[in-house]
Structure formats: structure tokens, C-alpha cells
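Peer 1: need a 3D model of the following:
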Amino acid sequence: MARIEAHVQRVEGLARLMDSQFKIPRIPINLGLDTIIGFIPGIGDTIGLGVSSYIISQAARVGVSRSTMMKMIGNVGLDWLVGLIPIIGDIFDWGWKANNRNAALLREHWDSVKPADMIDVTALAGKLDPK
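Peer 2: Numbering: from 1, shown residues only. Purely as a prediction, here's the structure:
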């Protein structure tokens, strides 16, 4: 359980890096590496697509449902397709944040399948230590 939680947290961190890690003063919307590399004509959006595909593959490893996978693929597909349009695509990418959306879908899935009453044995072990 703790291993999967750590896995989900790593995916969330990568999504944040790609979509919303950086704050620009006086601008209300953060941006990430995906927006920055999207300005590289021709290959920037394809590089972002690779990272987004990795996030989707990690969600598949955790076992998200088929419908959730389709939503994730749709988020990334729309992001990539519109991202190919110069300037308009970059603006769209800045606001759409497909990786953050997909990380939220993964978190939602994980929070719904892990039993709320499941005991975290690592936390319990620390409480039972006789020292």
C-alpha cells in the first residue's frame, strides 16, 4: 500500500513539474516544462507527449479503469493536437494542464480503491516497538 502511494506521489510530482511548477510574478496561472518546451517548433509538443504517455503508463500499472484510461488519453490527445498549432497551442497548453488532470484522475482512482480501514503496517510497527 505504501509503495503504491509513493508511486502515485511521484506521478503527481512529475505532472506538477510538467504543468504547474513555476510561478511567474503577476500571472495567476503557473506554468511547467511542458509549456516551455512546447515553444520548440515541431518537437516540443512531441517531447511533452512522451512524458504524458509515461504518466498514462504508470496509471495503467496501478490499475485504473478502462474509462479512466480513455479520459487520460483524451486529455493528452487534445493537449498534443491543439499544441501543434503555433501560439494558440502554447496558450491552450498553458491552461489545459493535461498531466495535472491525469494525475488527479490517478489520485481519485487510488483514493477510491484503497480501503480506508487498511492498517499501514510501517506506521503500526513504529508504535509497537518496545524500545
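Peer 1: can you tell me how far residue 18 is from residue 65?
Peer 2: Remark: distance between residue 18 and residue 65 (C-beta to C-beta, to the nearest Å) = 23 Å. C-betas here are computed from N, CA, C, even on glycine.
Peer 1: who's more crowded, those two?
Peer 2: residue 18 (25 against 13; other C-beta atoms under 10 Å).
Peer 1: who's in contact with the helix or strand hosting the more buried one?
Peer 2: Per DSSP states H and E, residue 18 falls inside helix 2-19. By C-beta atoms under 8 Å, 6 or more residues apart in numbering, the list of residues contacting helix 2-19 from outside reads 30-35, 48, 51-52, 54-55, 58-59, 61-62, 97-100, 102-103, 106-107, 110, 114, 120, 122.
Peer 1: are any of these buried, and if so which?
Peer 2: 30-35, 48, 51-52, 55, 58-59, 97-100, 102-103, 106-107, 110 (16 or more other C-beta atoms under 10 Å).
Peer 1: residues in contact with residue 48?
Peer 2: By C-beta under 8 Å, 6+ apart, the contact set of residue 48 is 18, 33-34, 37-38, 79-80, 83, 93.
Peer 1: surely it is within a helix?
Peer 2: Yes. Assigned with DSSP: H, G, I helix; E, B strand; the rest coil, residue 48 falls within a helix.
Peer 1: can you list the low-confidence ranges for the protein?
Peer 2: Applying pLDDT under 70 to the chain flags the ranges 114-131.
Peer 1: how does it look with 50?
Peer 2: 117, 119, 121-122, 124-125, 127-129 (pLDDT under 50).
Peer 1: where do the helices sit along it?
Peer 2: Using DSSP state H, the helices of the chain run over 2-19, 33-37, 44-62, 66-83, 88-96, 98-113, 121-128.
Peer 1: I'd like those laid out as CSV, including distance to residue 26.
Peer 2: Shown next, in CSV, are those (distance: least, C-beta to C-beta, whole Å):
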stretch, distance to residue 26
helix 2-19, 20
helix 33-37, 17
helix 44-62, 25
helix 66-83, 25
helix 88-96, 15
helix 98-113, 22
helix 121-128, 43
